[in-house]
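Asks: dropping the sequence and predicted coords here.
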Amino acid sequence: MSLVPPSVSNHTLAHTTIRHAHGTRPSNSRSGSAPARQRIGPKLFCLLIGHHISRSDSGQDSESVPTYYCSCGVRVLRQDDTETRVRHNVTCFVGGHHYVRMGERDGHHEFVCRACGHPLLFEAGASVYARLETFRKKVRYQCNLFGHRAHLVAERGAYTEYACRCGHSFMKRGKVEGKIKHPLICLFAGHFVGFVAARAGYAEYLCRNCGHTFCFAAWPEM
Ligand SMILES: [Zn+2]
Ligand SMILES: [Zn+2]
Ligand SMILES: [Zn+2]
Ligand SMILES: [Zn+2]
């Protein structure tokens, strides 16, 4: 399904250097979907495919409670029982996530993508990544296609947390046997995330459909 009819796609040229030479100032092109967003309006666009969370969309009301806004203007990722529908970060999916070290816990080294909040958990000594402070890494497509062979990491309240050797982690209600697969609804509709915990300087959110978690910091440079 394309949201961009041919007549609108010409606007895409406005983001090329050719048009810039004629003085056309590009609008926000961060997600690569600006033409469709301009045509139908940013709020409706987000309603259809989910919000886009990035560092530049976050603000901070106080030191302890970060607040986040989508570029459409809607406040997202509240630390209460409301949900945020988050669309996939295409840049991260195609180019890889940019991970920074988040800390150590439960015998694992934990990392988080600065762009989209995607976490990774590596068993200490079981991965070359566990020793690094920052790195780029793509999703392991084999796991995405056939499922993650995940081991138990920790019991966390009502949830059991698992991690694959590729680093991908999940929080599930109850025990899970066998591989953990990504449900199709998350692939097509994005993730529906709610707040679960504040820890290590991050707010952690959980998708109710797939058990995927996301961690967002109160970035001090914002
Ligand atoms: Zn939005
Ligand atoms: Zn990412
Ligand atoms: Zn995996
Ligand atoms: Zn999901």
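Replies: That came through, no problem. Residues are numbered from 1 along each chain as shown. Ligands and ions are numbered 1, 2, ... in the order given.

Asks: what is the helix or strand containing residue 47 packed up against?
Replies: Here residue 47, judged by DSSP states H and E, is contained in helix 42-49. Counting contacts by 3 or more CB pairs under 8 Å, 6 or more residues apart in numbering; DSSP states H and E, helix 42-49 packs against helix 34-40. No exception for glycine: its C-beta is placed from N, CA and C like everyone else's.

Asks: domain ranges for the protein, per the record?
Replies: Listed domain ranges for the chain are 6-40, 57-217 (source: automatic domain parsing).

Asks: follow-up on the earlier one: hmm, the helix holding residue 47 touching ligand 1?
Replies: Yes: using CB under 5 Å from the ion, helix 42-49 reaches ligand 1 at residue 46.

Asks: thinking again about what came up before, could you dump the domains of the chain into TSV with mean neighbour count and mean pLDDT added?
Replies: Shown next, in TSV, are those (neighbours: other CB atoms under 10 Å; pLDDT from 0 to 100):
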stretch	mean neighbour count	mean pLDDT
domain 6-40	13	42
domain 57-217	17	89
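
Asks: save the ones you listed as JSON lines, and put in distance to ligand 3 too.
Replies: Shown next, in JSON lines, are the domains of the chain (distance: least, CB to the ion, whole Å):
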{"stretch": "domain 6-40", "distance to ligand 3": "26"}
{"stretch": "domain 57-217", "distance to ligand 3": "3"}
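
Asks: dump those into JSON lines; add distance to residue 50 as well.
Replies: Formatted as JSON lines, those follow (distance: least, CB to CB, whole Å):
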{"stretch": "domain 6-40", "distance to residue 50": "11"}
{"stretch": "domain 57-217", "distance to residue 50": "3"}
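
Asks: can you tell me the centre-most residue of the chain?
Replies: residue 116 (3.5 Å; CA atoms, centre = their mean).

Asks: give me the nearest residue to that residue, chain neighbours excluded.
Replies: What sits nearest to residue 116 in space, not counting adjacent residues and going by CB to CB, 6 or more residues apart in numbering, is residue 89, at 3.9 Å.

Asks: same question for residue 93.
Replies: Leaving aside its sequence neighbours, residue 93 sits nearest to residue 139 (CB to CB, 6+ apart; 6.9 Å).

Asks: now residue 117
Replies: The spatially closest residue to residue 117, leaving aside those adjacent along the chain, is residue 214, at 3.6 Å (CB to CB, 6+ apart).
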